[in-house]
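Enquirer: can you look at this prediction? I've put the sequence above it.
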Amino acid sequence: MNMIVLFAAVQFVTIDPGHFHASLVQNRVYPEVIRDARVFAPDGAELENHLKLVGAFNSRENDPTSWNEIVYRGGDYLEKFVSCAKAGDFGKSPVVILAGKNDRKGDYALAAVEAGCNVLSDKPMAITPEVFAKTERAARLAQEKGLFFADIMTERNEITTILQRALSMEADLYGEQEKGSAEDPAVVKESVHHFCKLVNGAPLKRPGWYYDTRVQGEGIADVTTHLVDLVQWAVFPGQRLSKGDVEVVSAKTWPTAIDPAQFKMSTGGCVERAFECESNGEFSWRLRGVNCKVSVIWNFMAPAGTGDTHYSHMRGTRAELQIRQGAKEGYKPVLYVKARAAADEVRRALDAALAKISRDWPGVGAEETGECGVWRIVYPKAYDIGHEAHFSQVVRMYLDWMKEGREDPIYIDNMLVKYHTIVEAWKKAHRQ
């Protein structure tokens with residue numbers, strides 16, 4: 001049975017923070033979490049960047065945080081973490097935060113759980129079959145020991161995704177979920193990302209290993225974590241899935257070419273010659289008979305005025321639900337409803353569905369697009385809170401589980417099905 005967490009009994013313990021998402025977990029303070037945050041990491045730029053970002057949260061003018069970072073620096077950081085955990089040096093309910101080198105996450109998660117710590121990890125937690133085996137072992141051991149174990153699925157808190165899922169659950173509007181085919185899947189999610197991003201006019205510095213897919217993982221096993229998670233969450237809401245529900249049909253990866261100037265611009269480091277990064281991937285699979293497809297593309301840099309994009313398509317017997325984020329939408333995600341039955345009937349069903357959804361999300365509505373049988377879903381700007389705020393929402397959900405003494409009963413099972421799906425696609429792409 002999970003423990004019930006008391007006020008200010010949780011302590012954050014970060015291991016080897018190599019990605020700025022580790023810092024985003026601390027972009028606000030929480031009443032259950034003590035302000036002393038422990039960090040165990042090798043000395044170097046990645047650790048300094050983490051501390052700099054947390055320090056920026058502490059010193060910002062609006063809603064500053066008050067974290068006190070207690071840092072252990074050294075090559076034996078993992079051994080030191082384990083000895084401190086076993087000695088009871090952390091709070092009553094330590095939560096290990098993982099965000100960095102993805103090839104090590106299985107080792108870190110397993111070490112944390114074996115030492116009696118809860119785990120909250122950035123994605124992906126499995127980039128190869130070997131890493132998945134460790135992650136699965138850690139997750140099951142956490143269940144046995146009554147510990148909390150989860151990955152950070154921020155995209156579930158994006159308003160267009162929330163509304164797409166909610167509308168798909170309204171049978172009068174959406175109808176039944178179509179099965180589709182391998183050639184014409186009924187559920188599609190596509191994402192375009194960029195290695196080099198400008199923040200305040202300057203390139204966001206990535207570590208050199210970000211281009212090493214042995215460490216970072218290939219595109220088929222990284223961003224697809226969010227996409228597969230959203231497919232499971234939206235198509236089978238509240239249902240426990242199993243590995244037997246998954247049949248991977250096809251999978252492939254392909255590279256993005258990076259030249260020395262691009263590498264230096266995005267990392268500050270140097271390489272002697274151009275190289276290819278196996279960053280792109282797509283795969284198709286059947287989930288309880290529903291044909292699904294996800295695709296991830298990594299370009300070096302987005303054209304001026306653009307950015308990362310997301311496309312999501314769900315096809316029911318009465319309506320299609322699409323999220324588009326292209327030039328027409330100003331590169332902001334927009335949810336559309338497209339009738340597949342009589343347009344006037346679908347519009348009445350849409351109005352009824354929105355009236356129901358508005359109880360939880362006041363102000364949500366639909367407007368004409370000028371195309372017969374197609375409507376744009378609109379909502380107050382206050383619901384579009386941004387990527388950074390989604391991290392605090394996930395942390396808040398996790399801490400609520402701890403306060404209640406009970407994790408979402410299907411979360412770990414479905415999380416492992418997600419990584420099983422990704423690893424099976426990786427094996428098919430690599431013909432293993």
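Expert: Arrived safely, thanks for sending.

Enquirer: can you pull the contacts of residue 425?
Expert: 220-221, 224, 248, 251, 281, 283, 285 (C-beta atoms under 8 Å, 6 or more residues apart in numbering). Any C-beta I mention is one placed from the backbone N, CA and C, and that applies to glycine too.

Enquirer: would you mind measuring from it to residue 364?
Expert: Distance, residue 425 to residue 364, using C-beta to C-beta, to the nearest Å: 35 Å.

Enquirer: tell me which residue is most central in this protein.
Expert: residue 153 (3.7 Å; C-alpha atoms, centre = their mean).

Enquirer: excluding chain neighbours, what is closest to that one?
Expert: Distances taken as C-beta to C-beta, 6 or more residues apart in numbering place residue 229 nearest to residue 153, at 5.1 Å, with adjacent residues excluded.

Enquirer: could you look up the SS state of the one you found?
Expert: Following DSSP: H, G, I helix; E, B strand; the rest coil, we place residue 229 in the helix state.

Enquirer: wait, isn't it in contact with residue 157?
Expert: No - if you go by C-beta atoms under 8 Å, residue 229 and residue 157 don't touch, sitting 12.0 Å apart.

Enquirer: more neighbours, those two?
Expert: Neighbour count, other C-beta atoms under 10 Å: between residue 229 and residue 157, residue 229 has more, with 23 against 18.

Enquirer: OK, contacts around that one?
Expert: Per C-beta under 8 Å, 6+ apart, neighbours of residue 229: 153, 155-156, 415, 418.

Enquirer: now swap in residue 38 and tell me
Expert: So residue 38 contacts 11-14, 70-72, 84, 90 (C-beta under 8 Å, 6+ apart).

Enquirer: in strands, which of those fall?
Expert: Judged by DSSP state E, the contacts of residue 38 include 11-14, 70-72 as members of strands.

Enquirer: please enumerate the helices of the stretch 251-400 of the chain.
Expert: For the stretch 251-400 of the chain, the helices defined by DSSP state H, counting those that start in this stretch occupy 260-267, 343-357, 387-404.

Enquirer: residue 111: which of the ones you listed is closest?
Expert: Ranking the helices of the stretch 251-400 of the chain by proximity to residue 111 (C-beta to C-beta) places helix 387-404 first, at 19.6 Å.

Enquirer: ranges for the strands of the stretch 201-350 of the chain?
Expert: 202-203, 246-258, 275-287, 290-301, 309-315, 319-324, 334-339 (DSSP state E, counting those that start in this stretch).

Enquirer: so which of these gets nearest residue 119?
Expert: Of these, the one closest to residue 119 (C-beta to C-beta) turns out to be strand 246-258, at 23.7 Å.

Enquirer: neighbouring contacts of the closest one?
Expert: 182, 195, 211, 218-220, 274-287, 291, 298-300, 417, 420-421, 424-426, 428-429.

Enquirer: nearest to residue 203, of the ones in strands among the contacts of residue 38?
Expert: Of those, the one sitting nearest to residue 203 (C-beta to C-beta) turns out to be residue 14, at 24.6 Å.
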